[in-house]
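Enquirer: Test case, fold it:
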Amino acid sequence: MADVQDEVRWVLETIADQWPDGDFADETVVRQDFESSEVLETGRREGVELSQTAAISADEGDRARTPIGTEFHYDVETVVAVRVEGVHEEAGGTIASKGEFRRLVRYAQAAIDAERTYPSVDADDEVGFVHYEDARIENEQNVSSDYADDFRVDFDVRLTGKQDPDRR
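Expert: From the prediction side, this is the model:
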């Protein structure tokens, strides 16, 4: 069975492929598809133990299709929710400082920004295929506790594009 577009997988793969210093494998972080619980580094469905590694997880949020004109073409917006989290070393985690955690968040965002124009969200099955024109980072929320050892930042990646059901 052919795979349809997977925006969540695109976000997670882009983060590793476009990592600013070019060596995502050297980071103490894993990427996880939040919906399926699959950890991309292992290929297994499993929980992430934040005492052993930081995590970047993603989940598909809203998807809106707005008709264009009198034909069956659509403007499409797909939102992927991203969460970056980790635990301070003093609490048994892998994050040495608030600055190191901020670097992790900024590198993940910079990786997505590197593919922000005409992001290539490929698929084997073209049914429902969207030709994305841009990707934007929005709604960043730092939900880390100021006096705790847990770090967490959530943000959205909004992909916008066009869908032509007649062109498959």
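Enquirer: and residue 12, how far is that from residue 35?
Expert: 12 Å (CB to CB, to the nearest Å). C-betas here are computed from N, CA, C, even on glycine.
Enquirer: So the two - more neighbours on which side?
Expert: Between residue 12 and residue 35, counting by other CB atoms under 10 Å, residue 12 is the more crowded of the two (24 against 11).
Enquirer: in the helix or strand containing that one, what counts as buried?
Expert: Under the criterion of DSSP states H and E, residue 12 resides in helix 7-17. Within helix 7-17, the residues that count as buried by 16 or more other CB atoms under 10 Å are 7-16.
Enquirer: hmm, which two among those residues are most spread apart?
Expert: 7 and 16 (15.7 Å; CB to CB).
Enquirer: Show which residue of this protein lies farthest from the average position.
Expert: residue 70 (33.9 Å; CA atoms, centre = their mean).
Enquirer: tell me the phi and psi of that residue?
Expert: Phi and psi for residue 70, reported as degrees, to the nearest 10, are phi -100, psi -10.
Enquirer: residues in contact with it?
Expert: Contacts for residue 70 (CB atoms under 8 Å, 6 or more residues apart in numbering) come out as none.
Enquirer: Check the gap between it and residue 129 for me.
Expert: Residue 70 is 21 Å from residue 129, by CB to CB.
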